[in-house]
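1. sequence unavailable; structure follows:
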Ligand SMILES: NC(=O)C1=CN([C@@H]2O[C@H](COP(=O)(O)OP(=O)(O)OC[C@H]3O[C@@H](n4cnc5c(N)ncnc54)[C@H](O)[C@@H]3O)[C@@H](O)[C@H]2O)[C@H](O)CC1
Ligand SMILES: [K+]
């Protein structure tokens, strides 16, 4: 398994090679990603799981978050989903995960004050897809996460951190730990990203394969 940290472009290339050339469906990769986050939350950290709030964007990072919410829910953990994405922009995988969460009747809200009642926050707003400074309700949600007392576990990247440079894109989540998928990311090892990531866990048993072509 490749050891050094990679860029968003490399990650996207390996993802699409794994999905389109090897043939592993993206939802399978999403499930393996979410299982890695669930395992870290249930097994690796002594965490207060009284009330987990999953903050979900509308892309595949958010899709990972909804997947984690379902996995924690069926493990008996009390979970609420705080949606901050634009539902009109939801990715295909996000829509699949949202339908599953609705089947399990997992509470969903858009009211950020839920964060004041969280014992653990899962940050699933943006991952490697961040491509511009964070503004508006996304920025407000990140500020609310940083101001709440809960422990924060970031999915793939702390939301707001540039995957390739580690810079804060306006505002970024200050995470207790970050579970990043397949390979470490350059932005987690340099600049502010190193501080914002907290403890880095590389979930490298993902089924995502590097390719030299
Ligand atoms: N690596 C793997 O094996 C897997 C990774 N997965 C997860 O997929 C995300 C990447 O998903 P993507 O949909 O490409 O992007 P994001 O979810 O990070 O962002 C969503 C969307 O947001 C838009 N956007 C970017 N910057 C901003 C901004 N500042 N304000 C508002 N909106 C913004 C942009 O259009 C993005 O597309 C990866 O991190 C993993 O979590 C897969 O689950 C499968 C396995
Ligand atoms: K994130």
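-> Sure thing, it's come through. Remember, it's a predicted structure, so these values are computed and weren't measured experimentally. Ligands and ions are numbered 1, 2, ... in the order given.
2. name all residues that make contact with residue 35.
-> residue 71 (CB atoms under 8 Å, 6 or more residues apart in numbering). The C-beta positions use only the backbone N, C-alpha and C, and glycine is treated the same way.
3. ok, the residue positioned nearest the centre of the chain - contacts?
-> The geometric centre of the chain, computed from its C-alpha atoms, lies nearest to residue 155 (CA atoms, centre = their mean), at 2.4 Å. By CB under 8 Å, 6+ apart, the residues touching residue 155 are 33, 37, 61, 64-65, 68, 122-124, 127, 179.
4. try 10 Å
-> By CB atoms under 10 Å, 6 or more residues apart in numbering, the contact set of residue 155 is 33-34, 36-37, 54-57, 60-65, 67-68, 122-127, 175, 178-181.
5. just the pLDDT for it.
-> pLDDT, residue 155: 98.
6. about what we covered before: filter the contacts of residue 155 down to the ones in strands?
-> 54-56, 122-124, 178-181 (DSSP state E).
7. as TSV, those residues with neighbour count, distance to ligand 2 and pLDDT would be great.
-> Below are the ones in strands among the contacts of residue 155 laid out as TSV (neighbours: other CB atoms under 10 Å; distance: CB to the ion, whole Å; pLDDT from 0 to 100):
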residue	neighbour count	distance to ligand 2	pLDDT
54	31	11	98
55	30	8	98
56	31	10	98
122	28	9	98
123	31	5	98
124	32	5	98
178	27	8	98
179	27	10	98
180	27	10	98
181	27	11	97
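8. just the closest of the residues you listed to ligand 1, please.
-> Checking the ones in strands among the contacts of residue 155 against ligand 1 by CB to the nearest ligand atom gives residue 181 as the nearest, at 4.1 Å.
9. partners of that closest one in the sheet?
-> Beta bridges link residue 181 to residue 203 when assigned by DSSP bridges.
10. that one and residue 202 touch, don't they?
-> Yes: in this structure residue 181 lies within contact range of residue 202 using CB atoms under 10 Å: 8.2 Å.
11. joint contacts of these two?
-> The contact sets of residue 181 and residue 202 overlap at residue 36 (CB under 10 Å, 6+ apart).
12. filter the contacts of residue 155 down to the ones near ligand 1?
-> Among the contacts of residue 155, proximity to ligand 1 is found for 33, 57, 60-64, 126-127, 181 (CB under 6 Å from any ligand atom).
13. quick one: name the residues of this protein near ligand 1.
-> Residues of the chain found near ligand 1 (CB under 6 Å from any ligand atom) are 11, 15, 26, 29-30, 33, 57, 59-64, 91, 126-134, 138, 155-156, 169, 181-182, 206, 208.
14. narrow those to those in helices?
-> Members of those lying in helices (criterion: DSSP state H): 11, 15, 26, 29-30, 33, 60-64, 138.
15. which two from these end up farthest apart in space?
-> 29 and 138 (24.4 Å; CB to CB).
16. check the spacing between residue 36 and ligand 2 real quick.
-> Remark: distance between residue 36 and ligand 2 (CB to the ion, to the nearest Å) = 14 Å.
17. how many neighbouring residues does that residue have?
-> Counted with other CB atoms under 10 Å, the neighbours of residue 36 add up to 23.
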